[in-house]
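[1] Coordinates only, no sequence provided:
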């Protein structure tokens, strides 16, 4: 005879749907991603997860990723942010996940290789918004599906415009003003394989990019052409060409006469720790020197070696934020 206790299987508990009266999209965020993180002063009735600065919002933007799970874009407002009608942006791209994290809130929380991007921005005292999308598993080292919309020319332009619309709808300071904020100066930053995203967007965005920061990011970027016509992209030459194009002609008056002068519109900073990337980076610096380009800077990380791959971010991101001339 069958034991009735064994016969009746316990049904798995289905968690209730995620809801929040402030955010009608919370159920569209990946598991474990809150709609907002606020400082420890947050009070009842909505005690959120704790985060640095004024606030971090997470928006479920469609980035066109193959797995559909990268729909969490982090938007960080530092302490003392004035919420102007137009603000400057650091647009940051993570590298390959390698099983270390799934979403951007895990990446920059401080527990992964001591990456504390938000804290670095906060401590700089700069008026700048840090925006970081969650990409696919291997977003870079060549144009691929895990880059989503950022493998497309100018993909970051439309992305930032969409982020601005979400800010207008869900950030109280902009709701109160009835303003969709404009995007001012932009810094493109990225680590590791995200170098392919930086290269693609730096060459094709219509918005003004004042600086590009690459942290151990000078990986191969795939091929041009197909079949027998396929040739590997010259990574260093590609960046040299981007730097060469980032100049405008201005005229300065000397003794009442207009004298033409080339002025860089974008500055490029590359940090390396891994040996092969160091060879490419230093080759780029030499190419820039020979071409007379003053807008390319290459630096070795404080520690060099494959073990310090993430160290390029944790040691140098904060320095670049503090030194940025465009915000």
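    Perfect, thanks for sending it. None of the values given here were measured: they were computed from a predicted structure.

[2] Just the helices from the stretch 1-150 of the chain, written as ranges.
    For the stretch 1-150 of the chain, helices defined by DSSP state H, counting those that start in this stretch occupy the ranges 4-7, 104-107, 117-124.

[3] Minimum distance to residue 39: which of those has it?
    Closest of the helices of the stretch 1-150 of the chain to residue 39 is helix 117-124, at 10.1 Å (criterion: Cβ to Cβ). From N, CA and C alone the C-beta is placed, and that goes for glycine too.

[4] What helices and strands are in contact with that closest one?
    Packing partners of helix 117-124 (3 or more Cβ pairs under 8 Å, 6 or more residues apart in numbering; DSSP states H and E): strand 73-77, strand 128-133, helix 311-323.

[5] Let's have these in JSON lines, adding mean pLDDT and distance to residue 116.
    What follows is these, written out as JSON lines (pLDDT from 0 to 100; distance: least, Cβ to Cβ, whole Å):
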{"stretch": "strand 73-77", "mean pLDDT": "98", "distance to residue 116": "11"}
{"stretch": "strand 128-133", "mean pLDDT": "98", "distance to residue 116": "11"}
{"stretch": "helix 311-323", "mean pLDDT": "97", "distance to residue 116": "7"}
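
[6] returning to that earlier point: quickly, which of the helices of the stretch 1-150 of the chain bottoms out on average pLDDT?
    For the helices of the stretch 1-150 of the chain, mean pLDDT drops lowest on helix 4-7, to a mean of 54.

[7] quick revisit: show me the one of the helices of the stretch 1-150 of the chain that comes nearest residue 38.
    Among these, helix 117-124 comes nearest to residue 38, with 12.4 Å by Cβ to Cβ.

[8] The helices of the stretch 1-150 of the chain: which one's closest to residue 150?
    helix 104-107 (14.0 Å).

[9] Just list what the closest one packs against, helices and strands only.
    For helix 104-107, the contact count by 3+ Cβ pairs under 8 Å, 6+ apart identifies strand 55-59, strand 73-77, strand 128-133 as packing neighbours.

[10] Now tabulate those in JSON lines and tack on distance to residue 310 and mean neighbour count.
    JSON lines is the format used below for these (distance: least, Cβ to Cβ, whole Å; neighbours: other Cβ atoms under 10 Å):
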{"stretch": "strand 55-59", "distance to residue 310": "21", "mean neighbour count": "24"}
{"stretch": "strand 73-77", "distance to residue 310": "18", "mean neighbour count": "24"}
{"stretch": "strand 128-133", "distance to residue 310": "15", "mean neighbour count": "24"}
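
[11] Can you add distance to residue 326 and give those back as CSV?
    Shown next, in CSV, are those (distance: least, Cβ to Cβ, whole Å):
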stretch, distance to residue 326
strand 55-59, 22
strand 73-77, 18
strand 128-133, 9
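
[12] among these, which is nearest residue 146?
    For residue 146, the closest of these is strand 128-133, at 11.6 Å, according to Cβ to Cβ.

[13] Name every strand pairing with that closest one and say which way it goes.
    Applying DSSP bridges to the sheet, strand 128-133 is found paired with strand 73-77 (antiparallel), strand 86-93 (parallel).

[14] Quick one: those strands as CSV, columns for distance to residue 135 too.
    As requested, the strands paired with strand 128-133 are arranged in CSV below (distance: least, Cβ to Cβ, whole Å):
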stretch, distance to residue 135
strand 73-77, 10
strand 86-93, 7
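
[15] For residue 145, find the nearest of the ones you listed.
    Nearest to residue 145, of all the strands paired with strand 128-133, is strand 86-93, at 15.1 Å by Cβ to Cβ.

[16] Okay, buried residues for the closest one please.
    Judged by neighbour count (16 or more other Cβ atoms under 10 Å), strand 86-93 contains these buried residues: 87, 88, 89, 90, 91, 92, 93.

[17] now do stretch 132-147
    132-144, 146-147.

[18] what's the spacing between residue 147 and residue 200?
    Taking Cβ to Cβ, to the nearest Å as the measure, residue 147 falls 8 Å from residue 200.

[19] again, but for residue 287
    As defined by Cβ to Cβ, residue 287 lies at a distance of 20 Å from residue 200.

[20] Which one's more surrounded, those two?
    Ranked by neighbour count (other Cβ atoms under 10 Å), residue 287 and residue 200 place residue 200 first, with 22 against 18.

[21] show me the residues around the more buried one that make contact.
    Contacts for residue 200 were tallied using Cβ atoms under 8 Å, 6 or more residues apart in numbering; they are 143, 147, 150, 151, 153, 155.

[22] Tell me how far residue 285 lies from residue 325.
    Using Cβ to Cβ, one obtains 20 Å as the distance from residue 285 to residue 325.

[23] Looking at these two, which is more packed in?
    Just comparing residue 285 and residue 325: by other Cβ under 10 Å the higher neighbour count belongs to residue 285, 18 against 8.
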